[in-house]
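# Sequence and predicted model, in that order:
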Amino acid sequence: MASYAQYKVTDKKCATCMFWAGSRTIDFRAYKPFNVKAEAGNADCIAQKGRTSTAATYCPKWQQWEKLFCSK
């Protein structure tokens, strides 16, 4: 069984980044995004080719996951 970690959407972690390729779910409170629940483990970084990161990793290419949906 996979383990998960939970992060606030404002945390600058890979799990909250629009470039995170791993699995995650977004929890809402009062119709606003509040937490990101991401599976523990590694995922490839879409922003930096060849880089593997964990959900808790921080990198300078971080962009909030919401920007992906708001920019369309």
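Great, that's in hand.
# so what's the closest residue to residue 12 other than its chain neighbours up against?
When the adjacent residues along the chain are set aside, residue 12 lies closest to residue 62, with 5.0 Å between them (C-beta to C-beta, 6 or more residues apart in numbering). Quick note: C-beta positions are derived from backbone N, CA and C, even for glycine. Contacts here follow C-beta atoms under 8 Å, 6 or more residues apart in numbering; on that basis residue 62 touches 12, 13, 14, 16, 17, 19.
# Please produce a PyMOL select command covering the buried subset of the residues you listed.
Applying 16 or more other C-beta atoms under 10 Å to the contacts of residue 62, the buried members can be selected in PyMOL as follows:
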select buried, resi 13+14+16+17+19
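# For the contacts of residue 62, give me TSV that also has distance to residue 31 and pLDDT.
Rendered in TSV, the data for those read as follows (distance: C-beta to C-beta, whole Å; pLDDT from 0 to 100):
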residue	distance to residue 31	pLDDT
12	23	93
13	23	94
14	25	93
16	18	93
17	22	92
19	25	90
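# which among the contacts of residue 62 gets closest to residue 54?
The shortest approach to residue 54 among those belongs to residue 14, at 6.7 Å (C-beta to C-beta).
# between the contacts of residue 62, which is closest to residue 52?
Distances from residue 52 to the contacts of residue 62, taken as C-beta to C-beta, are shortest for residue 14 (10.1 Å).
# Now that closest one. Its backbone dihedrals?
Comment: the main-chain dihedrals of residue 14 come out as phi -60, psi -30, following degrees, to the nearest 10.
# Wait, it touches residue 58, no?
Yes - in this structure, residue 14 is within contact of residue 58 by C-beta atoms under 8 Å, at 7.2 Å.
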